[in-house]
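Novice: I'll drop the sequence and a predicted model, then ask my questions.
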Amino acid sequence: MASSSDSSLFDGGADFDWIKYTTHRPAYSSSFYDRIWTYHQSHSNHWTLAHDVGTGPGNVAEVLGARFDKVIASDPSGFHTAVARRRLAASNVTVEQCRAEDLVTLVGPDGHGKADLVTLAECIPLMDAERAFSGFAELLGPGGTLAIWFYGKPIFVGEGQERSQQIYDRIAGKAFSRIFPIKGTIWQQAFTVMASWLDNIGFPSEDWTDVERTKWNHDKPLCFLPEEYFDFEVKHENSVTADEKVEERVDRDFWAKEHCGVDWVEGFIDAQFPWKSTDDEIGAQLKPMYKELEEAMGGQGSKTKIAWPVALVLATRK
């Protein structure tokens, strides 16, 4: 079972470039956050304490800090929490090094520390979900909101970009071979969660209500790695119940990044492996593939639009 206790999994080196890392990822739009605020307002409308789980450099926690009186940002990685503390030192955000499965330890015996909102951005696939969700239920006060989201591989938008997408998939297959074998490792669960569009995540009715699942660009795979490269038989698990609200959208403008060149694509791929050197044998094998992608995108200096498949799950603590 995967667990966020694998705290060094995404640690980078001392010279890790966080600006480059964030540049080569999608930006969460204000309208996306508004969707979470609206849901929360309709169920609780308390804005005292938010908790961002798996905070990384603290990007989401920083946004929460403008909305809530106090924010706790947690991450199992000392590498990440050190960065978040530096970035958020002058804010109302407190940074804690803690596994998602152990967050209940941050709640006092008198219930002090109960959160109004708990967010998990891009981290749920690597958690022991059963243990973590038990903790989330304890961490949230009645009427509190749990917001989970995950984005997947880039979608190349525009006429003639089908070939670019195919080449990108081959690049991803080669790049992710750095973590093979997948079968029997923490990555098997992670890729199963992604392939299932988070539908495998269940919400026990004794703890949760009013579950809403929104899927943008659901016509494309959510997983970073195309399934044909898996070394195990993926099972598309489904724990969605009849009383949950499910909305599926195809929207190539959602979180779209305009004018992305092949250098941006290379940066996105490299950002998936902060704990590994990309200046390796596989990196050398990727160079001609990037050249092939550049030609498919329209030649040297060409740019294209990138969109994302995104899953958002919202639930209210009873």
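Specialist: Structure's in. What do you need?
Novice: When you work out contacts or count neighbours from here on, use the C-alpha atoms and nothing else.
Specialist: Fine.
Novice: A helix includes residue 228, no?
Specialist: Yes: read with DSSP: H, G, I helix; E, B strand; the rest coil, residue 228 is one of the residues of a helix.
Novice: Which parts of the stretch 201-318 of the chain are strands?
Specialist: Assigned by DSSP state E, counting those that start in this stretch, the stretch 201-318 of the chain shows strands spanning 208-216, 245-249, 257-260, 304-307, 310-317.
Novice: Of the ones you listed, flag the one that's most buried.
Specialist: Of the strands of the stretch 201-318 of the chain, the one with the most neighbours on average (mean count of other C-alpha atoms under 10 Å) is strand 310-317, at a mean of 23.
Novice: Mind putting the strands of the stretch 201-318 of the chain into TSV with distance to residue 21 and mean pLDDT?
Specialist: Converted to TSV, the strands of the stretch 201-318 of the chain look like this (distance: least, C-alpha to C-alpha, whole Å; pLDDT from 0 to 100):
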stretch	distance to residue 21	mean pLDDT
strand 208-216	23	98
strand 245-249	28	98
strand 257-260	15	95
strand 304-307	17	97
strand 310-317	19	98
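Novice: closest to residue 49 out of those strands?
Specialist: Ranking the strands of the stretch 201-318 of the chain by distance to residue 49, with C-alpha to C-alpha as the measure, places strand 310-317 first at 14.7 Å.
Novice: in its sheet, what does the closest one sit against?
Specialist: Note on strand 310-317: by DSSP bridges, its sheet partners are strand 140-151 (antiparallel), strand 208-216 (antiparallel).
Novice: So what's the gap between the first one and the chain middle?
Specialist: When distances are taken as C-alpha atoms, centre = their mean, to the nearest Å, strand 140-151 is centred 14 Å away from the chain's centroid.
Novice: and after the host helix or strand of residue 86, which helix or strand comes next?
Specialist: Element membership of residue 86, judged by DSSP states H and E, is helix 78-87. In the C-terminal direction, the helix or strand that comes right after helix 78-87 (DSSP H and E) is strand 93-97.
Novice: Render the CA-only coordinates of that next one in PDB, please.
Specialist: Provided in PDB are the C-alpha atoms of strand 93-97 (Å, rounded to 0.1, in the frame of the first residue of the first chain):
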ATOM      1  CA  VAL A  93       0.300  30.100   7.400                       C
ATOM      2  CA  THR A  94       1.900  27.600   9.900                       C
ATOM      3  CA  VAL A  95       4.000  24.800   8.200                       C
ATOM      4  CA  GLU A  96       4.100  21.400   9.800                       C
ATOM      5  CA  GLN A  97       6.100  18.300   8.800                       C
END
